[in-house]
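Novice: Task: produce atomic coordinates for the following.
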Amino acid sequence: HLAGASAPLADLRMAGPRRGATYRQEYMLRFMRIFISWSKPLSKSIAEAFAAWLPTVIQECRDPFVSTDISKGEAWFSTIVDELSEASIGVVFVTAENKSEPWLHFECGAMVKKLDRQKVCPVMVDIKKTDYEGPLTNLQLTEMFDKEDFFGLVKSINLACDHPLDEVVLREAFDIRWDR
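Specialist: Presented below is the predicted three-dimensional model:
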């Protein structure tokens, strides 16, 4: 029964996908797409954990893209280009290990070109903002393990959503899930 369901959800359930669109395409259009960039093992594990964690805080951020989502045999470069074109915001995990990696800088440059500077969010994992001297210094950097700084990132992502959570609700969801 759809009584009480929000109009977009009810429309999706009753109407089904648009002509020519798959259910996944139609469903994904209803949520904000996040592109998550990483390079090297530490950054990869954090990117995957963040992709799983973020939708528990901001439900509109379903299914963030991490390149580990690319299936074997799939054309990886065109998949990354396609995902970037659908993304609303990009998050880049920078570590001491990957801060000079050309691929990370390539993806960041592509994100800046596609998304605009305000929507590319570098996260310093094991580096202090003051110690980082790479090409991303012209963007607002976030320190991963500074709770208030990281909440600022989550707040920025939330504000970019079509239907942002009230800040009190966001704060509560963030605080509950911060240690997980």
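
Novice: the longest helix in the chain is where?
Specialist: The residue-count maximum for a helix in the chain (DSSP state H) belongs to helix 41-57.

Novice: Could you tell me which strands the helix or strand that that one is followed by is paired with, and in which direction each runs?
Specialist: Remark: after helix 41-57, the chain's next helix or strand is strand 65-66, criterion DSSP states H and E. Partner strands for strand 65-66, per DSSP bridges, with pairing direction: strand 34-37 (parallel).

Novice: then the strand it pairs with to PDB, C-alphas only?
Specialist: Presented in PDB, the C-alpha positions along strand 34-37 are these (Å, rounded to 0.1, in the frame of the first residue of the first chain):
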ATOM      1  CA  ILE A  34      29.300  10.500  -5.300                       C
ATOM      2  CA  PHE A  35      32.600   9.700  -7.100                       C
ATOM      3  CA  ILE A  36      35.300   8.400  -4.700                       C
ATOM      4  CA  SER A  37      38.900   8.600  -5.800                       C
END
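
Novice: tell me the average confidence for that strand?
Specialist: Per-residue pLDDT over strand 34-37 has a mean of 94.

Novice: which outside residues touch that strand?
Specialist: By Cβ atoms under 8 Å, 6 or more residues apart in numbering, the list of residues contacting strand 34-37 from outside reads 47, 50-51, 54, 61, 64-67, 83-84, 87-93, 104, 107-108, 111, 115, 157. Just so you know, the C-beta spots here come from the backbone N, C-alpha and C atoms, and that holds for glycine as well.

Novice: buried ones in it?
Specialist: Under the neighbour-count criterion of 16 or more other Cβ atoms under 10 Å, strand 34-37 has 34-37 buried.

Novice: Same list, those residues, but as a markdown table with distance to residue 171 please.
Specialist: Listed next are the buried residues of strand 34-37 as a markdown table, based on distance: Cβ to Cβ, whole Å:
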| residue | distance to residue 171 |
| --- | --- |
| 34 | 20 |
| 35 | 25 |
| 36 | 23 |
| 37 | 27 |
